[in-house]
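*Asks:* Following is a predicted model, sequence given first.
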Amino acid sequence: MKIKLLLLLTLAALIFASCSKDDETDTLWKENSEAAFAKVAASAEYKTIQSQSKNGSIAYKVLKSGNGATPLYTDGVKVRYTGWFKTVDWNEGDTFINEDGRNIKNKFIFDSTANRNDVPSTFAVSGVVDGYSTALQHMKVGDKWEVWMPWKLGYGINGKNPIPGYTTLVFEIELVEVLKP
């Protein structure tokens, strides 16, 4: 009986220890992710837009201006884009973003039309994460923006493989065409 109790207590301690390390890593990731977004959003180079869901704001910088149509939530779009997030080596004390608030090292590109011969992707404005949808509804055909979105407007607390939960996402988006339903 004592062996079973000792085994059970050891197992519980191992589970608790592994959970607290994961929780600590999640907390550190979340804090750094939020700090990176806050630094960019406060930069004079970037403007912010409140999401329609009121769950937060995106920060964006216009890289190229267009003069075409602006999509509605019910429209489709063709876009070229690259999406990435900052990876961090916590053991080396790496910072989430460099001092200029934009140029990041250790970035992980998780998707890009450049990987598909730069052929624009087609999708519904309503079919993407809140931050991406927010940006699209303020862009004009021909615009190219760098968009930073906090985790609440991206993939949330759970993430989406390979993107961890609590991740600030960065996209370079070029709106190529608006597709009416």
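*Replies:* On my side now, so go ahead.
*Asks:* got a list of contacts for stretch 172-181?
*Replies:* Under the criterion Cβ atoms under 8 Å, 6 or more residues apart in numbering, residues 63-64, 66, 68-71, 74-82, 120, 122, 132, 135-136, 139-147 lie in contact with stretch 172-181. (C-beta placed from N, C-alpha, C; glycine too.)
*Asks:* mean confidence score for it?
*Replies:* Summarised as a single mean, pLDDT over stretch 172-181 is 96.
*Asks:* for that stretch, the distance to its chain's centre please.
*Replies:* 19 Å (Cα atoms, centre = their mean, to the nearest Å).
*Asks:* Sort out which of the contacts of stretch 172-181 are buried, if you could.
*Replies:* Neighbour counting over those (16 or more other Cβ atoms under 10 Å) leaves 66, 71, 75-82, 132, 135-136, 139, 141, 143-147 as the buried ones.
*Asks:* From these, which land in strands?
*Replies:* Mapping the buried ones among the contacts of stretch 172-181 onto strands (DSSP state E) picks out 76-82, 144-147.
*Asks:* how about these, which pair is most distant?
*Replies:* Maximum pairwise distance among these (Cβ to Cβ): 22.7 Å, between 76 and 146.
*Asks:* what about the helices in this structure?
*Replies:* For the chain, the helices defined by DSSP state H occupy 2-42, 130-136.
*Asks:* Which of the ones you listed comes out lowest on mean pLDDT?
*Replies:* Of all those, the minimum mean pLDDT falls on helix 2-42 (a mean of 66).
*Asks:* Residue 86 is in contact with residue 168, isn't it?
*Replies:* Yes - at 7.3 Å, residue 86 counts as touching residue 168 under the criterion of Cβ atoms under 8 Å.
*Asks:* For the two, indicate the residue with more neighbours.
*Replies:* A count of neighbours by other Cβ atoms under 10 Å puts residue 168 above the other of residue 86 and residue 168, at 27 against 21.
*Asks:* show me the contacts for the more buried one.
*Replies:* Going by Cβ under 8 Å, 6+ apart, residue 168 touches 33-34, 36-37, 85-86, 148-151, 154.
*Asks:* If I look at it, what pLDDT would I see?
*Replies:* pLDDT at residue 168 comes out at 94.
*Asks:* distance of it from residue 74?
*Replies:* Noted for residue 168: a distance of 28 Å to residue 74, by Cβ to Cβ, to the nearest Å.
*Asks:* try residue 65
*Replies:* Distance, residue 65 to residue 74, by Cβ to Cβ: 25 Å.
*Asks:* which parts of stretch 173-181 are buried?
*Replies:* Of the residues in stretch 173-181, 173-178 count as buried by neighbour count, 16+ other Cβ under 10 Å.
*Asks:* Redo the residues you listed as TSV? Include distance to residue 50.
*Replies:* Converted to TSV, those look like this (distance: Cβ to Cβ, whole Å):
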residue	distance to residue 50
173	18
174	23
175	20
176	25
177	26
178	22
